[in-house]
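> No letters, just coordinates:
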């Protein structure tokens, strides 16, 4: 049923298709200019759009409002997997390269709006590592353990807002953590690694806490659906906790590995810059360093 029973989501299904088309238009514009673009980024973006489409418009999206474990699977896809792939697609970089600048006397266009948004105080605030992490992980606790989900489970608008929160908070977190696109804050790889590593135990604890629940969230609503094959509501809820615990760690671990690679490459670039500078000034810094120690040794000898 999950594979064949599709119901197109007008909001998120349309957004997924539109995002893929716009990305393709940007690629075509670069190609016309003869500019290259990494294939891996294109694959990542299109895969992220596919995750968004499947999680909201396939059988997963159809049954998510009626079955908690399916809802949690969609949640993990929308907040963990999809945003990682979309961030790796570097859409902001593509847009800035594909869009023509307004020019000195031109009317500001989309490219200028993007740059203005990137450098706004609001963008700088939300891209603070602590803020991004709290919005990302804290939303899990507020929605499920804080009672919001149970109180609004029967509202279609609430489900749409939840999905929007999952996507945006996940994208923000991985945008700050991975850092391919330009950002208001330039973070060192070690800071990004600490941000991701610090969020791991909170996410794991959330999954364990959900697996340990004994009261059904939104029980009256789920029982009113009369789904005979979903009578064990507490078991299904605990299954949702298991899904959150098991699937949520995988993307975070992948990001940690990517950050370690970035850190290694950053150190390598720093070392190459230092070597080039030494070649230009004939190791002036090293010579000065050695001269200082030679002078200290001479003074010791005279003393």
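Sure, I can see it. Computed from a predicted structure; not experimentally measured. Numbers count the residues shown, from 1 in each chain.
> check which helix or strand covers residue 192.
Applying DSSP states H and E as the criterion places residue 192 in helix 189-211.
> which strands and helices sit next to that helix?
With contacts taken as 3 or more C-beta pairs under 8 Å, 6 or more residues apart in numbering; DSSP states H and E, helix 189-211 sits against helix 129-140, helix 156-178, helix 233-280. C-beta: built from backbone N, CA, C; applies to glycine.
> List the residues that contact the residue nearest the centre of the chain.
Nearest residue to the geometric centre of the chain (C-alpha atoms, centre = their mean): residue 174, 2.6 Å. By C-beta atoms under 8 Å, 6 or more residues apart in numbering, the residues touching residue 174 are 83, 84, 87, 255.
> Could you measure from the nearest residue to the first one once chain neighbours are set aside over to residue 149?
What sits nearest to residue 83 in space, not counting adjacent residues and going by C-beta to C-beta, 6 or more residues apart in numbering, is residue 170, at 3.4 Å. Using C-beta to C-beta, to the nearest Å, one obtains 17 Å as the distance from residue 170 to residue 149.
> can you check residue 39 too?
Counting by C-beta to C-beta, the gap from residue 39 to residue 149 is 39 Å.
> same question, residue 235
Per C-beta to C-beta, residue 235 is found 18 Å from residue 149.
> which regions of the stretch 201-303 of the chain sit below the pLDDT cut-off?
Flagging of the stretch 201-303 of the chain using pLDDT under 70 yields the residue ranges 248-249, 251-252, 262-263, 265-303.
> Do you have the helices of the stretch 1-150 of the chain handy? List them.
Ranges of helices within the stretch 1-150 of the chain are 12-33, 39-57, 59-63, 68-76, 82-88, 91-98, 110-118, 121-126, 129-140, 148-152, based on DSSP state H, counting those that start in this stretch.
> Surely the residue nearest to residue 83 touches residue 78?
Yes. Contact criterion C-beta atoms under 8 Å: residue 170 and residue 78 qualify, at 6.9 Å.
> residues in contact with residue 218?
Each residue near residue 218 by C-beta under 8 Å, 6+ apart is listed here: 68, 149, 150, 151, 153, 154.
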